[in-house]
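Trainee: just to be clear, the model below is a prediction. Sequence and coordinates:
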Amino acid sequence: KCAHCDYATTNKTYLRKHLPSHKPSKDFKCSQCRYATNNKYVFKSHLLTHDKSEGFKCTVCDYATSNNYNFKSHLLRHDTSKKFKCAQCNYASHSKSSFRWHLSKHKKPTSKVYEIYIIKILKPVSQDCQGFQI
């Protein structure tokens with residue numbers, strides 16, 4: 001158990017990695033911005049956000065990154081077409097995972113919501129599901 005907070009673990013290594021989070025001074029400070037951390041691996045990951053030389057650049061705004069996944073996620077922010085639309089409210093999203101999360105928030109979804117969920121998201125993948133009717 002951490003002496004500074006409620007964090008508890010049975011793994012000594014995890015506790016050792018947690019303890020620096022309570023240090024007031026940060027060991028790793030970015031020279032290009034005000035970011036600072038005590039975690040070497042998190043710091044290395046942060047430095048990549050400044051590496052624009054071989055990265056991906058957005059043509060709509062000044063966003064740039066060297067990480068392809070982050071770049072693709074960013075591009076969705078500019079996509080105004082939202083193909084996942086909720087039948088119970090005005091929620092719409094371009095993200096399948098966000099739409100799934102939203103559907104779970106409706107206490108008693110209508111059959112129309114499930115119809116959209118099954119047809120648009122689950123899409124039958126086995127021969128047994130071919131011809132499935134709602």
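Mentor: Arrived safely.

Trainee: could you report the pLDDT at the nearest residue to Ser95 once chain neighbours are set aside?
Mentor: Leaving out its chain neighbours, the residue that sits closest to Ser95 by C-beta to C-beta, 6 or more residues apart in numbering is Leu76, at 6.6 Å. Yep, even glycine has a C-beta here, placed from its N, CA and C like the rest. At Leu76, the model reports a pLDDT of 79.

Trainee: tell me the secondary structure of Leu76, please.
Mentor: Here Leu76 is recorded as helix under DSSP: H, G, I helix; E, B strand; the rest coil.

Trainee: wait, doesn't it sit right on Ser97?
Mentor: No. Assessed by C-beta atoms under 8 Å, Leu76 is found out of contact with Ser97, at 11.2 Å.

Trainee: how far away is the residue nearest to Ser95 from Val60?
Mentor: For Leu76, the distance to Val60 (C-beta to C-beta, to the nearest Å) stands at 12 Å.

Trainee: quick one, which of those two is more surrounded?
Mentor: Neighbour count, other C-beta atoms under 10 Å: between Leu76 and Val60, Leu76 has more, with 12 against 9.

Trainee: for the residue lying closest to Lys23 once chain neighbours are set aside, give me its contacts.
Mentor: Counting by C-beta to C-beta, 6+ apart, Asn38 is the residue found nearest to Lys23 once chain neighbours are left out, at 5.6 Å. Asn38 sits next to 20-21, 23, 26-28 when contact means C-beta atoms under 8 Å, 6 or more residues apart in numbering.

Trainee: can I get those in TSV with distance to Val42, secondary structure and neighbour count?
Mentor: Below are the contacts of Asn38 laid out as TSV (distance: C-beta to C-beta, whole Å; DSSP: H, G, I helix; E, B strand; the rest coil; neighbours: other C-beta atoms under 10 Å):
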residue	distance to Val42	secondary structure	neighbour count
Pro20	11	helix	13
Ser21	11	helix	13
Lys23	14	coil	9
Lys26	11	coil	14
Asp27	11	coil	12
Phe28	8	strand	16
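
Trainee: find the centremost residue of the protein, please.
Mentor: Taking C-alpha atoms, centre = their mean as the criterion, Ser73 is the residue nearest the geometric centre of the chain, at 8.4 Å.
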